[in-house]
Structure formats: structure tokens, C-alpha cells
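**Q** Provided below for reference: sequence and predicted model.
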Amino acid sequence: MTTEISKVYQVGDVTVTRVTEMMLGGIPPEVYFPGSWDRMFLEENRDSLPSGLIDGNSQLIVSIGTWVVKTTNHTILIDTATGNDKNLPLNPDLANLQLPYLKRLKEAGVTPEEVDYVLLTHLHVDHVGWNTKLVDGKWVPTFPNAKYVFPLAEQEYYSSEASHNKANEVNFNVYEESVLPVVEAGLTQTIGPEGGHFLEIFKFIPTPGHSIGQMSISLKSDGEEALFGADVMHHPFQVFNPDWNSMYCEFTDLARISRLRVLEYIADRPVIYFSTHFPESAAGYVTRNGDSYKWDFI
Ligand SMILES: [Zn+2]
């Protein structure tokens, strides 16, 4: 699948642009939503669902990518996708990639040296990869002038033995290759458990469950609002079925609570939802649909 030049969204005085690292198709929904997937949902709603959610074989389409936020003074990245050359012994699908992410970033108007802040929602394999790049056999910060900002609880967990469990096999070695080098370079700043404001326009909001300390990031500018939801949801099917967890959600009860809280918040407000993994533009609006919710891409 190809990626296209992304749309530029305006939120108040700032612009937001998607840089997609990859699109992934052919994902069996019964595997992605273990114990939750209900074939009848698709049968009954196929004609009314937004297009682009599934491929011709009714398998899921998802994406991995970064959001670029440009203010008058700063260039900010929200999450850094998977990265190239990574050694992921228990995640062969995402290991040793060779993708033109930095070229796409440049096409979106950003060189690595220009990035002032990298805001990370959580420290999973597909959110921190481009924090670092391999140069002469050594992992170095990709964005040498940036401050990398992320939840403290994520750092504490993923730097410890506690995260070495079955649920985190896909993330093995990620902290060592993609987070520790920026810590050692003195480029990091952590956000405490309550979350909080950052750079005036951002607010880190705890949305744990998918991972232990995941935070979504709200953006407010000149009366307009957006939310970078992180992995509160992986696919629009979860807007329609908020109790469906993905196979990557570690703390399942908490993940459902955080998902509902986010949906409740954005359903009644004109808040643009910027997802990490939705297909198509990855951006859209959640609105109410009777007792449930629905999704429209923008
Ligand atoms: Zn993710």
C-alpha cells in the first residue's frame, strides 16, 4: 500500500500534519480484537461504516505514524513510529525496517535538526522508534536539538524487569535501543502521574490501560481543540464498540475505562481526534449515535 502526501489540519493558530510510516492491511479482526470481535457487527453495519476500514477480504487496515505540530515558535512531533534497523527478537514484523520516514518528514516540511520537542504518549515499539537512528553501529538521537517528553510511569516500567512479560514481548529491546540513548544524551523530560500542561497549548491526560502509564495529549489553540488519543483506540471499529480491546492492551479493564472516558469527552465537542493507528487520514470526529458513537474521517 502506498502513502500519500498528508493533509494539513488547522487547530487555532497551529498546524497539524500526518507523517505515515506505514500502512498495514490483511489483519484478521478476530486476532486483533481477541475475545471481542463479533462478525455480526460487520455484517449488520457494512453499508453504513466509513470506507477504508477493511480490505477486500474484510481484514483490518491500520497505520503507524507521527503527527507534526507547528506553532509560530516550535516544531513538535507526537510519537515517532517504529524506526529503521531495530533489533526486535520477538517482533519480527517490525524488526529491521528500512522505510523512508525521514524523507516523508522532510516532505512535510521538517528536518530532524528543526524538531524542538518530541512528545511521546507511551513507550511502545511503534511510538518511540525514530527517537533514535543507527549510526556506525551506535544508537544516537535522531532529533539532536529536541527535548523528548514522556510519562514517568512508562519509563519506570519499561526500564525495569517488571515489563519483561508475555504482554510486552513485542516491545522487548525497545527501551534499550529507542529510549535509553536519548536519556543518556540528557535530552529527556518526564511527566508525573497526574499529567499536566506543557508549552501552554498541550496537556498530558492520563489514559492508562493500553499501557501502564499511557497519556493522551490535548491541544488547545485560539478556542479550538484536538486530542492525540494515543492507543486508546487502534481502529475505528472501537468507536462503534468501545468495549473491544486490541491484542496489545496490557491492562484490559483500565483500557476500556480510558476509552469510554475519551469517547464521552470528545463526542459532545468539536474536538478533532488524531489517532495513531487508524487507516485513511487517521483523523476525524466522534459523534453520538443513539446510545453509542460513530466515526467520520476528515
Ligand atoms: Zn501503538
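**A** Structure received.

**Q** okay, and residue 280 sits in which element?
**A** Using DSSP states H and E, residue 280 sits within no helix or strand.

**Q** read off the pLDDT value for the residue lying closest to it once chain neighbours are set aside.
**A** Leaving out its chain neighbours, the residue that sits closest to residue 280 by CB to CB, 6 or more residues apart in numbering is residue 52, at 4.3 Å. C-beta coordinates here come from the backbone N, C-alpha and C atoms, glycine included. You'll see residue 52 listed with a pLDDT of 96.

**Q** so how many other residues sit close to residue 52?
**A** Neighbours of residue 52 under the rule other CB atoms under 10 Å: 13.

**Q** what about the residue in the stretch 151-298 of the chain that the ion sits nearest to, is that helix, strand or coil?
**A** Closest to the ion within the stretch 151-298 of the chain is residue 231: 4.4 Å, counting by CB to the ion. When classified by DSSP: H, G, I helix; E, B strand; the rest coil, residue 231 comes out as helix.

**Q** same thing with residue 247?
**A** coil.

**Q** the closest residue to it other than its chain neighbours and residue 246, how far apart?
**A** Leaving aside its sequence neighbours, residue 247 sits nearest to residue 34 (CB to CB, 6+ apart; 5.3 Å). Here residue 34 is placed at a distance of 8 Å from residue 246 (CB to CB, to the nearest Å).

**Q** compare the two (neighbour count), which wins?
**A** Remark: of residue 34 and residue 246, residue 246 carries more neighbours, 21 against 14, as counted by other CB under 10 Å.

**Q** what's the neighbour count on whichever residue of the stretch 51-200 of the chain sits closest to the ion?
**A** Closest approach between the stretch 51-200 of the chain and the ion, counting by CB to the ion: residue 126, at 4.4 Å. A total of 26 residues lie near residue 126 under the criterion other CB under 10 Å.

**Q** do I have it right that it meets residue 65?
**A** No: applying CB atoms under 8 Å as the test, residue 126 and residue 65 come out as separate, 9.2 Å apart.

**Q** report the beta-bridge partners for residue 119.
**A** Here residue 119 sits in beta bridges with residue 78, residue 149, going by DSSP bridges.

**Q** contacts only, for it.
**A** Taking CB atoms under 8 Å, 6 or more residues apart in numbering, we find residue 119 in contact with 76, 77, 78, 79, 149, 150, 198, 202, 204, 217.

**Q** dump those residues to a markdown table, plus neighbour count, pLDDT and distance to residue 237.
**A** Shown next, in a markdown table, are those (neighbours: other CB atoms under 10 Å; pLDDT from 0 to 100; distance: CB to CB, whole Å):
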| residue | neighbour count | pLDDT | distance to residue 237 |
| --- | --- | --- | --- |
| 76 | 26 | 98 | 29 |
| 77 | 26 | 98 | 27 |
| 78 | 23 | 98 | 23 |
| 79 | 27 | 98 | 21 |
| 149 | 20 | 98 | 31 |
| 150 | 27 | 98 | 28 |
| 198 | 16 | 98 | 31 |
| 202 | 21 | 98 | 28 |
| 204 | 21 | 98 | 27 |
| 217 | 27 | 98 | 23 |
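
**Q** can I get the residues you listed in TSV with distance to the ion?
**A** Formatted as TSV, the contacts of residue 119 follow (distance: CB to the ion, whole Å):
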residue	distance to the ion
76	19
77	15
78	12
79	8
149	18
150	14
198	21
202	19
204	17
217	14
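
**Q** residue 106: which of the residues you listed is nearest?
**A** When the contacts of residue 119 are ranked by distance to residue 106 (CB to CB), residue 77 comes first, at 13.0 Å.

**Q** I'd like the distance between the closest one and residue 170.
**A** Going from residue 77 to residue 170 by CB to CB gives 22 Å.

**Q** circling back to that earlier point, now the residue of the stretch 151-298 of the chain closest to the ion: closest residue in space that isn't a chain neighbour?
**A** Using CB to CB, 6+ apart, the nearest residue to residue 231 is residue 210, at 4.3 Å.

**Q** quick one, what contacts the residue of the stretch 151-298 of the chain closest to the ion?
**A** 121, 122, 124, 127, 210, 211, 214, 246, 248, 249, 276, 277 are the contacts of residue 231 under CB under 8 Å, 6+ apart.

**Q** hang on, the second one in a strand?
**A** In other words, residue 122. No: with three-state DSSP as the criterion, residue 122 is coil rather than part of a strand.

**Q** which bits of the stretch 101-250 of the chain sit near the ion?
**A** Within the stretch 101-250 of the chain, the residues that sit near the ion (CB under 5 Å from the ion) are 126, 231.
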